[in-house]
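Enquirer: for reference, the sequence and a predicted model appear below.
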Amino acid sequence: MNERMNERIYDEQRELRTQGVLSLLIHVEGVGNQPCVHGVRKPSRQPPCVHERMNERQKPIKTERSLHNMDEEFKVIDNYLMIRLPDEIDHHKSVDISAKADRYIVSKKVGNVVFDFERTTFMDSSGIGIILGRYKKISCFGGRVYAVNVDSRIRRILLLSGLQNIVEIME
Amino acid sequence: MIEIIEKKDVKTVSNEMRLEFAAISDNEAFARMVVAAFIAPLNPTLEELADVKTAVSEAVTNAVIHGYENRCSREDKVSMYCAIRKDVLEVVIADQGIGIENVKRAMEPLYTTRPELDRSGMGFAFMEAFMDELQVHSEPGDGTVVRMYKKIGLSSWIDSEE
């Protein structure tokens, strides 16, 4: 009788010990199935999550600012509208950028526009169209257009279009 | 409809592709990716790659907003044909849109028929600047064919000289 009880106690204790160790492992090492951010269970040791979408992939971190999304951003500082342009500027994106910029120009009554090309890796003549269009809108009120963080390719495109007389390229 | 592919020089073609996609602005980026992927085996420099992507982007944009007047209908298609002969890339972008009445005037820098769309009128100027050769054939009401050539991978030629 005592032996059987001892056995049972020993088994129960062993069970508890196993469970305790398991929970400790899960807490420390993340062993075992845990749901990924998309709510699907996967072995947590495998990065990256296979359900990650191509366009959401974490891009390599270059500067702090890269952590933000890659769309255009607008900021109004004093009398200046700062536009941080996206990584690719083509006709498809330029429609949106121009519309948003015009809304800011009209509602916030900004006098000058600054185009920030820091994130821009590609631009075609639609980008020239954005710059020219905003220039036409603000120049009659004496506003000026600036370009900052211009790399050699963007500079080449601006010079090719003859925009160096209209846009001031800041170093 | 103007014949996209010329019958001459077909024997020297080492690689070619033909693609047809909807004439919507979303596909401008898609066409850039396609041509970049197609010339990747030629090992282009970053500048050559950017030049070709820009020229293709301009041509496709022209087809969408001028050829098809920006109506973004799914029935409207843009055709793209690329061929490689040794190290020369040929890109042909064709549409069946309204065509160009005066090609010479259209290719003048800063001339645009759609200033209300914030168009700079520099599309053809960019294509001419970034590609080695540009040919435009168009008939009003019968579509437009834009043919461009560029020599890719000049860096390998420079390396072999050294």
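Expert: Yep, that arrived.
Enquirer: residues near A:D87, how many?
Expert: A:D87 has 14 neighbours, counted by other CB atoms under 10 Å in any protein chain shown. Just so you know, the C-beta spots here come from the backbone N, C-alpha and C atoms, and that holds for glycine as well.
Enquirer: can you give me the distance of it to chain B?
Expert: Going from A:D87 to chain B by CB to the nearest CB, to the nearest Å gives 11 Å.
Enquirer: isn't that residue up against A:F117?
Expert: No. With contacts counted by CB atoms under 8 Å, A:D87 stays clear of A:F117, the gap being 10.2 Å.
Enquirer: nearest residue to A:I128 other than its sequence neighbours?
Expert: Nearest in space to A:I128, with sequence neighbours left out and distances taken as CB to CB, 6 or more residues apart in numbering or on different chains, is B:S120 at 4.1 Å.
Enquirer: thought that neighbour was touching B:L110?
Expert: Yes. Taking CB under 8 Å as the definition, B:S120 is a contact partner of B:L110 at 7.1 Å.
Enquirer: ok, now which ones touch the closest residue in space to A:G142 that isn't next to it in sequence?
Expert: Nearest non-adjacent residue to A:G142, counting by CB to CB, 6+ apart: A:G111, 7.0 Å away. Counting by CB atoms under 8 Å, 6 or more residues apart in numbering or on different chains, A:G111 touches A:N79, A:Y80, A:I138, A:F141, A:G142, A:G143, A:R144.
Enquirer: so where is chain B shaky, pLDDT-wise?
Expert: Within chain B, the stretches with pLDDT under 70 are B:1-9, B:154-162.
Enquirer: quick check: residues of it near chain A?
Expert: B:25-26, B:28-29, B:32, B:47, B:50, B:53-54, B:57-58, B:61, B:64-65, B:117-123, B:125-126, B:129 (CB under 8 Å from any CB of the partner chain).
Enquirer: identify the residues contacting the helix or strand B:T61 falls within?
Expert: Using DSSP states H and E, B:T61 maps to helix B:46-62. Contacts to helix B:46-62, defined as CB under 8 Å, 6+ apart, come from residues A:90-91, A:122-126, A:153, A:157, B:25, B:27-28, B:31-32, B:35-36, B:39, B:44, B:78, B:80, B:89, B:91, B:93, B:123-124, B:126-127, B:130-131, B:144, B:146, B:148, B:150, B:152-154.
Enquirer: show me which residues of that helix are buried.
Expert: B:48-62 (16 or more other CB atoms under 10 Å in any protein chain shown).
Enquirer: and for the very next helix or strand once past it, what's in contact with it?
Expert: Counting by DSSP H and E, the next helix or strand C-terminal to helix B:46-62 is strand B:77-85. Applying CB under 8 Å, 6+ apart, the contact partners of strand B:77-85 are B:4-5, B:9, B:12-23, B:27, B:31, B:34-35, B:38-39, B:42, B:56, B:60, B:63-64, B:67, B:89-96, B:152.
Enquirer: in strands, which of the residues you listed fall?
Expert: Applying DSSP state E to these, the entries found in strands are B:15-22, B:89-95.
Enquirer: pick out the most distant pair among these.
Expert: Spanning the widest gap among the ones in strands among the contacts of strand B:77-85 are B:N15 and B:A22, at 24.9 Å by CB to CB.
Enquirer: can stretch A:160-171 be said to contact chain B?
Expert: Yes. Counting by CB under 8 Å from any CB, chain B has neighbours in stretch A:160-171: A:L160, A:S161.
Enquirer: endpoint to endpoint, that stretch covers what distance?
Expert: Distance across stretch A:160-171, first residue to last, is 19 Å (CA to CA, to the nearest Å).
Enquirer: re earlier: from the residues of chain B next to chain A, which would you call buried?
Expert: Applying 16+ other CB under 10 Å to those flags B:25, B:28-29, B:32, B:50, B:53-54, B:57-58, B:61, B:64-65, B:117-123, B:125-126, B:129 as buried.
Enquirer: domain-wise, how is chain A divided?
Expert: Domain segmentation of chain A under automatic domain parsing yields A:2-53, A:64-169.
Enquirer: out of these, which gets the lowest mean score?
Expert: Sorting those by mean pLDDT places domain A:2-53 lowest, at a mean of 58.
Enquirer: just to revisit the earlier point, just the contacts of A:G111 now: which is nearest chain B?
Expert: A:I138 (14.0 Å; CB to the nearest CB).
Enquirer: helices or strands next to the helix or strand encompassing the closest one in the packing?
Expert: Per DSSP H and E, A:I138 falls inside helix A:125-139. Helix A:125-139 is packed against strand A:88-89, helix A:91-108, strand A:112-116, strand A:145-148, helix A:152-160, helix B:123-130, with contacts defined by 3 or more CB pairs under 8 Å, 6 or more residues apart in numbering or on different chains; DSSP states H and E.
Enquirer: what pairs with the shortest one, parallel or antiparallel?
Expert: So that's strand A:88-89. Sheet pairing of strand A:88-89 (DSSP bridges) gives strand A:122-123 (parallel).
Enquirer: distance-wise, check A:V145 relative to A:I128.
Expert: Plainly put, A:V145 is 12 Å away from A:I128 if you go by CB to CB, to the nearest Å.
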